[in-house]
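Engineer: Build me a model:
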Amino acid sequence: MATLIRLELIGKKAEIVASKNKSYIGIKGTIIDETKNMLNIDGKKVLKTLVTLKIDDNDRQILDGNEIVGRSYERIKAKKS
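Structural biologist: Numbers count the residues shown, from 1 in each chain. Take a look at the predicted model:
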């Protein structure tokens, strides 16, 4: 999962499988934009800190939104911990 956190998410298929905001659950589509605290999934804006995503990459990884809070370019170039 660590490699997915460091990758660009824009263009990937995603589905919200869990959320503190129940209206977010079930939203799925392509991530078309990402800001420090939000994802835009096919025009629906969701807060990263509230969601758990299933990224439809090669191995369909589950990703906690808290792990991707921050600007994408900072996350991509961050040192491995």
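Engineer: in the protein, what spans have low per-residue confidence?
Structural biologist: Filtered on pLDDT under 70, the chain yields the residue ranges 1-6, 57-59, 78-81.
Engineer: Can you show me the helices along it?
Structural biologist: Remark: helices of the chain, listed N- to C-terminal, are 2-5, 72-77; assignment by DSSP state H.
Engineer: buried residues in the longest one?
Structural biologist: Counting neighbours by 16 or more other Cβ atoms under 10 Å, one finds that the buried residues in helix 72-77 are S72, R75. In short, each C-beta sits where N, CA and C put it, glycine included.
Engineer: C-alpha coordinates for it, PDB please?
Structural biologist: Below are the C-alpha coordinates for helix 72-77, written out as PDB (Å, rounded to 0.1, in the frame of the first residue of the first chain):
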ATOM      1  CA  SER A  72      -0.200  15.300  -4.200                       C
ATOM      2  CA  TYR A  73       3.200  16.600  -5.300                       C
ATOM      3  CA  GLU A  74       4.400  16.700  -1.700                       C
ATOM      4  CA  ARG A  75       3.100  13.200  -1.100                       C
ATOM      5  CA  ILE A  76       4.800  11.900  -4.300                       C
ATOM      6  CA  LYS A  77       8.200  13.300  -3.500                       C
END
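Engineer: Work out the gap between it and the centre of the chain.
Structural biologist: Its chain's C-alpha centre lies 13 Å from the corresponding centre of helix 72-77 when counted by Cα atoms, centre = their mean, to the nearest Å.
Engineer: Right, I'll call it a day here.
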